[in-house]
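>>> Got a predicted structure here, sequence first:
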Amino acid sequence: MVRHHIQNEILYRLSFDESLRFSELKPTELENKLFDYHLKQLIKDGLVQKSEDGAYTLTPDGKRMGVTVFDDQLSKAKMPRSVLFLVIRRKSDNAWLLYKRSTHPLKDLAGFMHLTAEADKTLNDGAHEQVKERTGLDCSFTPLGGGFFKTFRGDKLESFTNFTLLVCEDAKGELVPNDDRAEYFWATDPDFAAPDMLPNMVTLVDHYQAGKPFFIEEVFNIS
């Protein structure tokens, strides 16, 4: 029986798509080595197979297991995902670090970088290490606020997050992206209300600029 949540997520994703490549399967917040380990374990167990063109598909046993995982995931669909949203500024010109998502959900929209907290690290230490690995930047963070966001596309729930907003206003070093699932860039005067921005950006920026601790619950809809 598959027990690790990463393996369950792989089976769940492949239950919806006939085949996916590594970059399409791997969540942004996971390291390549960790994800590759669990993917290979599923191949070893005979649940996933790799085709000649490099795409991954479910085996017959994997499809049967995927049905079980799908039913389990449905029961969890109403539970929020815990994330860290990062306001990262460059002191020399007050630029904002933004990234454009290259994977679903919310593919092709730009916004603040987000991470997953790590149980064995403080929020600052975990965010510092992950940002350094993915962008080359050296950042020290302080928490400002948090809350819940629900984002719908029509009547379909795209994402449900329980978030904490972390702030770094003096990022050091050169931006050297190392993330195949997002495009990172500095923006000196971004339009946070633009249609290619994540729908929560105006709200997050308003609370950041207010500079006061906050807790919010908001619902967004994108076309």
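Great, that's in hand.

>>> would you list every one of the strands in this structure?
Under the criterion DSSP state E, strands of the chain are mapped to 48-50, 56-58, 81-90, 95-101, 110-111, 113-115, 142-153, 156-168, 182-187, 214-222.

>>> how about those strands, which one is nearest residue 129?
Taking Cβ to Cβ as the measure, the strands of the chain were each checked against residue 129, and strand 113-115 came out nearest at 9.7 Å. Where C-beta positions appear, they are placed from N, C-alpha and C, glycine not excepted.

>>> Need the residues that contact the closest one.
With Cβ atoms under 8 Å, 6 or more residues apart in numbering as the contact definition, strand 113-115 has outside contacts at 28-29, 83-86, 88, 97-99, 126-127, 130-131, 134-135, 163, 182, 184.

>>> With residue 147 as the reference, measure out to the residue most central in space within the chain.
When the chain is reduced to its mean C-alpha position, the nearest residue by Cα atoms, centre = their mean turns out to be residue 28, at 5.1 Å. In this structure, residue 28 and residue 147 are separated by 21 Å, where distance is defined by Cβ to Cβ, to the nearest Å.

>>> What of residue 51?
Using Cβ to Cβ, we find residue 51 at a distance of 43 Å from residue 147.

>>> what about those two, which has more around it?
Neighbours per residue, other Cβ atoms under 10 Å: of residue 51 and residue 147, the larger number sits with residue 147, 18 against 10.

>>> measure the closest residue to residue 160 other than its chain neighbours to residue 11 for me?
Nearest residue to residue 160 in three dimensions, chain neighbours excluded: residue 80, at 4.7 Å (Cβ to Cβ, 6 or more residues apart in numbering). In this structure, residue 80 and residue 11 are 22 Å apart, going by Cβ to Cβ.

>>> Which one's more surrounded, these two?
Using other Cβ under 10 Å, the more surrounded residue of residue 80 and residue 11 is residue 11, with 22 against 13.

>>> Show the pLDDT at that one.
pLDDT, residue 11: 81.

>>> likewise residue 170?
Predicted confidence (pLDDT) at residue 170: the value is 95.

>>> list the contacts for residue 133?
Each residue near residue 133 by Cβ under 8 Å, 6+ apart is listed here: 31, 178.

>>> Distance check, it against residue 32.
Between residue 133 and residue 32 the distance is 11 Å, computed by Cβ to Cβ.

>>> For ChimeraX, write the selection for the buried entries among the contacts of strand 113-115.
One line in ChimeraX is enough to select the buried ones among the contacts of strand 113-115; burial here means 16 or more other Cβ atoms under 10 Å:
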select :28,29,83,84,85,86,88,97,98,99,126,127,130,131,134,135,163,182,184
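
>>> Assess the claim that the residue nearest to residue 160 and residue 162 are in contact.
Yes - at 4.1 Å, residue 80 counts as touching residue 162 under the criterion of Cβ atoms under 8 Å.

>>> Please enumerate the shared neighbours of those two.
For the pair residue 80 and residue 162, residues contacting each of them under the criterion Cβ under 8 Å, 6+ apart are residue 148.

>>> Can you tell me how far residue 65 is from residue 7?
When distance is defined by Cβ to Cβ, residue 65 is 9 Å away from residue 7.

>>> who's more crowded, the two?
More neighbours surround residue 65 than the other of residue 65 and residue 7, with 23 against 20 (other Cβ under 10 Å).

>>> Tell me who's in contact with residue 144.
Under the contact definition (Cβ under 8 Å, 6+ apart), the residues listed for residue 144 are 87, 165-167, 207-208, 211, 213-214.
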